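K.L.:
sequence and predicted structure, then a few things I'm wondering about:
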Amino acid sequence: MKTLSLFIFFLTSIACKESTTVYLCNSEGGKKYHYKSTCRGLSNCQRKIIETTLDKAKSQGKTLCGWEK
């Protein structure tokens with residue numbers, strides 16, 4: 001039973017990580033992702049702020065904003 005509980009916990013944590021919503025500035029120079037749409041790092045965004053998943057942001061080479069570390 002303990003093994004089953006650990007397995008379910010593991011699968012849940014993976015599913016949550018994959019579906020974590022992050023925010024990006026939709027510009028060519030945007031290199032960071034943000035957990036909050038109100039992050040200070042997005043205040044200079046001249047274009048639209050878009051919502052995506054953490055996995056997609058990382059696959060595009062984005063890294064976590066320094067204000068959120």
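P.N.:
That came through, no problem. Residues are numbered from 1 along each chain as shown.

K.L.:
low-confidence ranges in this structure?
P.N.:
Counting by pLDDT under 70, the chain contains low-confidence residues at 1-18.

K.L.:
all strands of it, in order?
P.N.:
Taking DSSP state E as the criterion, the chain contains strands spanning 21-25, 32-33, 49-53, 63-64.

K.L.:
and the last one, how far out from the chain's middle?
P.N.:
Strand 63-64 has its C-alpha centroid displaced from the chain centroid by 8 Å (C-alpha atoms, centre = their mean, to the nearest Å).

K.L.:
what packs against that strand?
P.N.:
In terms of contacts (3 or more C-beta pairs under 8 Å, 6 or more residues apart in numbering; DSSP states H and E), strand 63-64 is packed against strand 32-33. C-betas here are computed from N, CA, C, even on glycine.

K.L.:
which helices and strands sit right next to the strand it packs on?
P.N.:
If you count contacts as 3+ C-beta pairs under 8 Å, 6+ apart, strand 32-33 packs onto strand 21-25, helix 54-59, strand 63-64.

K.L.:
sorry, back to before: export the strands of the chain to JSON lines and tack on distance to S43 and mean neighbour count?
P.N.:
Output for the strands of the chain, formatted as JSON lines (distance: least, C-beta to C-beta, whole Å; neighbours: other C-beta atoms under 10 Å):
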{"stretch": "strand 21-25", "distance to S43": "10", "mean neighbour count": "20"}
{"stretch": "strand 32-33", "distance to S43": "12", "mean neighbour count": "22"}
{"stretch": "strand 49-53", "distance to S43": "10", "mean neighbour count": "14"}
{"stretch": "strand 63-64", "distance to S43": "17", "mean neighbour count": "14"}
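
K.L.:
which among those is found nearest to C39?
P.N.:
Ranking the strands of the chain by their distance to C39 (criterion: C-beta to C-beta) puts strand 21-25 first, at 7.1 Å.

K.L.:
quick one: contacts of stretch 45-65?
P.N.:
Stretch 45-65 is contacted from outside by 17-27, 30-34, 37, 39, 41-42, using C-beta atoms under 8 Å, 6 or more residues apart in numbering.
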